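1. Requesting a structural model of the entry that follows:
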Amino acid sequence: QVQLVESGGGLVQPGGSLKLSCAVSGGTLGRFTIGWLRQAPGKEREGVSCINTSANNTYYIDSVKGRFTISSDNAKNTVYLQMNNLKPEDTAVYYCAAAYPSGLSWSSPAAYYHWGQGTQVTVSS
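-> Below is the predicted model:
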């Protein structure tokens, strides 16, 4: 059974940094595309970034390019999201999720089959 567990969320001031972790069990990272998605109050869930370790590909939405970095540690079966220069508009619940190969866009929540429980990120002074 595939399980994903996020950690690392919290409260940070604008301009600050956080590093989220997603520990994956029940399958090696190479089986999936692992994505980070977020949902702010009153808004739809959106894809933020993803990594495919088999293809060595990473993707980001425009609003986080240059600020967020996704990475993986295959030995630990863990994916990270380093978030720098955080802005109030980054406030959301962040989820990591695993997708199998499909024709769906990585940024679409519908592409993901397994989900973590989410971790709150709040950017506020």
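2. When you work out contacts or count neighbours from here on, use the C-alpha atoms and nothing else.
-> OK.
3. Is the residue nearest to the spatial centre of the chain bridged to anything, and to what?
-> Nearest residue to the geometric centre of the chain (Cα atoms, centre = their mean): Trp36, 1.8 Å. Judged by DSSP bridges, the bridge partners of Trp36 are Ser49, Cys96.
4. Which residues are in contact with it?
-> Listed by Cα atoms under 8 Å, 6 or more residues apart in numbering, the contact set of Trp36 reads Gly47, Val48, Ser49, Cys50, Leu81, Tyr94, Tyr95, Cys96, Ala97.
5. What's the first helix or strand after the helix or strand hosting the first one?
-> Gly47 is located in strand 46-52, with elements delineated by DSSP states H and E. Tracing the chain C-terminally past strand 46-52 and defining elements by DSSP H and E, one meets strand 57-60 next.
6. what's in contact with that following strand?
-> With Cα under 8 Å, 6+ apart as the criterion, strand 57-60 contacts Val48, Ser49, Cys50, Ile51, Asn52, Ile70.
7. which residues touch the last one?
-> If I follow you right, that is Ile70. Taking Cα under 8 Å, 6+ apart as the criterion, Ile70 is in contact with Ser49, Cys50, Ile51, Thr58, Val79, Tyr80, Leu81, Gln82.
8. Which of those sits closest to Ser105?
-> The shortest distance between Ser105 and any of those, using Cα to Cα, involves Cys50 and amounts to 10.6 Å.
9. what's the spacing between that closest one and Leu104?
-> 13 Å (Cα to Cα, to the nearest Å).
10. If you count surrounding residues, which of those two has more?
-> Taking Cys50 and Leu104 together and counting by other Cα atoms under 10 Å, Cys50 has the greater number of neighbours (27 against 13).
11. was I right about the more buried one contacting Gly35?
-> Yes: the pair formed by Cys50 and Gly35 meets the contact definition of Cα atoms under 8 Å, at 4.0 Å.
12. Quickly list what's touching both of those two.
-> In the contact map built from Cα under 8 Å, 6+ apart, the residues linked to both Cys50 and Gly35 are Trp106.
13. in this structure, which spans are strands?
-> With DSSP state E as the criterion, the chain has strands at 3-7, 10-12, 18-25, 33-39, 46-52, 57-60, 68-73, 78-83, 92-99, 114-115, 119-123.
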